[in-house]
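Novice: The sequence isn't on hand, but the structure is:
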């Protein structure tokens, strides 16, 4: 699968599935032996089972009101990056999460490696400008 098509699919599914906390739909995007890093200094989640546990933990207590991803920027060797912003309520308190995801895809379009960089803040906040990648 072409990297651009895989990246566009990845962003579209994440937008829909994050809002619905649809872990099964998200896992379909990943290779069985994927490696996911959520923040640079955390231990990676290796394989779909560890990724599923992480996603369920992340979604617990969260009620999403808005998910937005930028169009992906595609690089070389099956790599793409996209920016994201999520408005949610975590345990009843409004929050905003903003960040980006770097993805390396295999030949069939599954994510074999992902790396997230993100920040949260209290309240629902729009950034000072549009999503950087459009």
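Specialist: That came through, no problem. In this text the structure is predicted, and so the values were computed from the model without any measurement. Residues are numbered from 1 along each chain as shown.
Novice: Low-confidence bits of this structure, can you list those?
Specialist: Filtered on pLDDT under 70, the chain yields the residue ranges 127-134.
Novice: residue ranges of the strands in it, please?
Specialist: Assigned by DSSP state E, the chain shows strands spanning 30-38, 45-46, 62-69, 73-74, 79-90, 93-105, 111-122.
Novice: quick one: the lengthiest helix in the chain to chain centroid distance?
Specialist: Scanning the chain for the helix with the most residues, using DSSP state H, yields helix 3-20. Relative to its chain's centre, helix 3-20 lies at 8 Å (CA atoms, centre = their mean, to the nearest Å).
Novice: and stretch 14-25, how far from the chain's centre?
Specialist: Worked out by CA atoms, centre = their mean, stretch 14-25 lies 10 Å from the chain centre.
Novice: what do you get for stretch 91-101?
Specialist: Relative to its chain's centre, stretch 91-101 lies at 12 Å (CA atoms, centre = their mean).
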